[in-house]
Structure formats: structure tokens, C-alpha cells
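Pasting the sequence and the predicted model now:
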Amino acid sequence: MRLPVWVWLALSSFLVSAAEGATRPRYGGTLTMQLSSPCAEVSACDTLLPLVAETLVRINQQGEFAPSLAVAWQHDADRKRWRFSLRPKVVFHDGEELNAAAAVPALNTSLKKIHPDVALTAGGQTLVIQSPSPMPDLLAELSRPRSAIFRTDAKGLLIGTGPFRVTAWEPSRRITLAAFDEYWAGRPFLDSVIGNFGAARALGDVFDIPFSELRRIVPERTRIWSSPPRELIALVADRVAPEMWQALALAIDRAPIANVLAQKRAEAAYGLLPQWLTGYEFLFAAPPDLARAKQLVVPLHSTPLALGYPADDAFARSVAERIAVNARDAGIVLQPTRNPGANIRLIRWPLESTDAASELVRFAEMLGLPEHATNLDSARPETIYQAERALLEAHRILPIAYLPDIYGIAPRVHNWAEAHKNGFTLHLDNVWVDP
């Protein structure tokens, strides 16, 4: 029997509505996170801090600086004086209004670490940041988590302006966040977020997949989020002969580290900054040359060297042991150790922004070579390349591999495409969950 047209229309409308209802965002529910690393302070947890505290500017999906708590900014020709207009009608979790004066204490703490002579002047919703020296990388600095605007209450709980507020905090163990109804961009879909630290199992709605010797068993239907390479594993030394450093660079085979130890989730590194950030990292690539490494070692009459790695990092230990094997093949005695005073140190260095110039400044400061990054100009890529080359040729740092951040996401977590668009960090402020 043929149904009347109006019945088909009604049925079609019902089916479409049902389909839409299955994917329509819903309010409510709790998102659970399992993070393998302990977090002694909320301000040190890059995954959770953006849910609680915000920065003046942020990095958008195109890697550009965009408004956050500041809606506009200007600077003078020398970039010594910056003027920021703060977003109106923003309140902290305790109800206090955000104005320039309220932002000064947190920014003073973070900015003076980089610019000791910086001065901040507050007037209503206008904040002026100035220094006797140029601050060309100020926007990059203000976009980093360490420049987030927050304070703490009498119980030590962090108070910010983000979409969630802290309701309970057990350092290195557990944190509970509740939706902030007065959030300036609108209440988040979730009612709450619970983060558990030091979790060894891949459970919960969101969990990190760390680089370790033991593979985590990931539940079926879990979706994987992976950032671009944003952490560098490298060797650092300040008292190793340049010839020995060059021999070690030629002896190390990075492919097994990236493909075996890191289970094909890492990339061999030859530059300080990854290819996606600069576009020229491939120019530093050099395949291992064991024969040449042996030739360099023979006349050195070298003594055994110690290779220190973080004591609580099993993956770093496995990388150090693999490097020691490569070194031995070239005639270099390299002994892995947990001793922090070793001749050579294996470090894990995370990127903090998508600005190549500011990241090279960080590398130069860490290596004690600030003079190698004084003439950087983001508008002139050749200055960035020249600075990076100079840092590499100083024989103080030897890149080994780039690592991404990797998270598993349970099927009940939605708005996944939105969280995935910003590839540098994982954003959970707009996700929602099934009951």
C-alpha cells in the first residue's frame, strides 16, 4: 500500500530529527581524564590549565596570534611599548571583574623572568607593557601557559577566568573542575572535568599515551589525537671536544629510535625546530657515517664519558642506552647514568609556541648562548635559519628525535573535530559527552 505524501514527509522529518538528535550537542555530564605524569601544580599542567586560566592572546588554527582576554593591541615602531585593550565583562571564578590592575600581578611574575626591566601600567581595561629594550616576541610570550592570568585563594586553589573553575585539588593525584556559568564565551557543555594524575592504565574519556618501554593497551574504538612534533629529545654538553661531538653526531642512528623505541610515532631530528615550524629542517639532515666517526675518534685518545638521563623517565633511559650502543660502535665509551652531573645530558625540550624566533631564543638561553639569537626577525626567515645553524655549530646540542603529544579519546566524547582543529595542543573546552 502506498502511503500518502504527507506521511512520507512526516516520516522523513522524524528520521532527520532523530539523526540530528544523535549528534546534537548536549549539556551535562562529566569528562574523566587519566594523565600518566604527576602534576604538582595546576599551572604546570598544559592540558588542564587552559580550562581554568586564560592568556591575553592565543594562537589560532592558522598559527597566528588572536584575541583572548585582550581584544586588541598596538605597539610602537621599536616594539618597546605595547598597549592592550582587555575584553569587557569578564569575571574571575570568585566574581571579581577582570581589569588591567587584576592582570598585572600574574604578568609581572611571568614577564620579569624574560624581561627584568619590564614595567606594567594599568588603567581601567587598558594595560601598557614597556621595556627599555625591544620586545619583538612579546605576543609569543603572552600566549604561553606560563603567562596565563590567575591568582590563588586562601586554600591555594587557582582562580582564573576560564570555562571551568577548580573545586577540589589533590597535588599530583586528582583535580575536579566545575563548569563556570558566568564564562564570558558561554557556559561549557560539560558539567565537570575530573583529572587523575599518575594513572598507569589507559582508562577514562581522555588519556595520554606517553612514550615508554611498555605499550599501553588502548580500548577498542578509541580515537587517537596526535599533535605535530612539539618535543625535542637531544643531547646537551658544555665540556666535550668538538671533534668528539662531531664523531658522536655521525655515529648515532636515529631511525631505530624513531621507529622502534618510539613505535614509529617520532621523527628523526637534525635541527632544533621541526620541519612543520620552519620549513627548512631537512637542510640539516645528515645520515649516520660510522666509518667517518671512527676516523675522528682514533686520534682523540678519549676517556669514558657519562650520559645522564632523567631518573624517572624509562623512555629517556632506553634512548640513552641505544645512543651508547651507537657510540661504542664508533669507539666512544658512553655510559648511561642517572647522575645529573654527567658529561653529556639527554633532555626532553617541549616547544611552547609556534613562533620560531621565540623558540630559538629559548634554546639560546638554555644553552648559555644568548648572543646567537639577538638579531632574529620573523619577517626575515634567513635570520632564523642562520641563528639555528650557529647554535648547532656551537657543539653544545645534538638533536635526536621529535615527539608529538598523543591522546586517546573515548567514543562518547563529541565535538572531536573542533578539538582536533588546533593541532598544536589538545583543547577540551567545547567537547560534550553522551550520558
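Thanks, I have the structure now. No experiment lies behind these values; they were computed from the predicted model shown.

In the stretch 251-400 of the chain, where is pLDDT below threshold?
Within the stretch 251-400 of the chain, no range satisfies pLDDT under 70.

Can you show me the helices along it?
Per DSSP state H, counting those that start in this stretch, the stretch 251-400 of the chain carries helices over the ranges 254-256, 275-278, 290-297, 314-329, 356-367, 381-392.

relative to helix 381-392, how tilted is the fifth one?
Here helix 356-367 points in a direction 20 degrees away from that of helix 381-392 (axes from the mean of the first three to the mean of the last three Cα atoms, to 10 degrees).

Make a markdown table from the helices of the stretch 251-400 of the chain and add distance to residue 399 and mean neighbour count to it.
Bear in mind the C-beta positions are built from the backbone N, C-alpha and C, glycine included. Output for these, formatted as a markdown table (distance: least, Cβ to Cβ, whole Å; neighbours: other Cβ atoms under 10 Å):
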| stretch | distance to residue 399 | mean neighbour count |
| --- | --- | --- |
| helix 254-256 | 9 | 16 |
| helix 275-278 | 12 | 20 |
| helix 290-297 | 17 | 17 |
| helix 314-329 | 12 | 19 |
| helix 356-367 | 10 | 20 |
| helix 381-392 | 8 | 18 |
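
Between those helices, which one is closest to residue 106.
helix 356-367 (19.3 Å; Cβ to Cβ).

which ones are touching the closest residue to residue 429 other than its chain neighbours?
The shortest distance from residue 429 to any non-neighbouring residue, by Cβ to Cβ, 6 or more residues apart in numbering, is to residue 163 (4.8 Å). Residue 163 is in contact with 51, 179, 180, 183, 185, 187, 188, 429, counting by Cβ atoms under 8 Å, 6 or more residues apart in numbering.

Mind giving me the ChimeraX command for buried ones among these?
Selection of buried members from these for ChimeraX, criterion 16 or more other Cβ atoms under 10 Å:
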select :51,179,180,183,188,429
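
quick one: which of the contacts of residue 163 is nearest residue 78?
residue 185 (34.1 Å).

doesn't that closest one fall inside a helix?
No: counting by DSSP: H, G, I helix; E, B strand; the rest coil, residue 185 is not found in a helix; it is coil.

how close does it get to residue 120?
25 Å (Cβ to Cβ, to the nearest Å).

follow-up on the earlier one: quick one, which of the helices of the stretch 251-400 of the chain is nearest to residue 269?
Taking the helices of the stretch 251-400 of the chain one by one with Cβ to Cβ, helix 254-256 is closest: 7.0 Å.

Packing partners of the closest one?
Applying 3 or more Cβ pairs under 8 Å, 6 or more residues apart in numbering; DSSP states H and E, we find helix 254-256 packed against no helix or strand.

need the helices for the stretch 1-150 of the chain, in chain order.
Under DSSP H, counting those that start in this stretch, the stretch 1-150 of the chain gives helices at 5-23, 49-52, 100-111, 138-143.

of all those helices, which has the lowest average per-residue confidence?
The stretch with the lowest mean pLDDT among those is helix 5-23, at a mean of 41.
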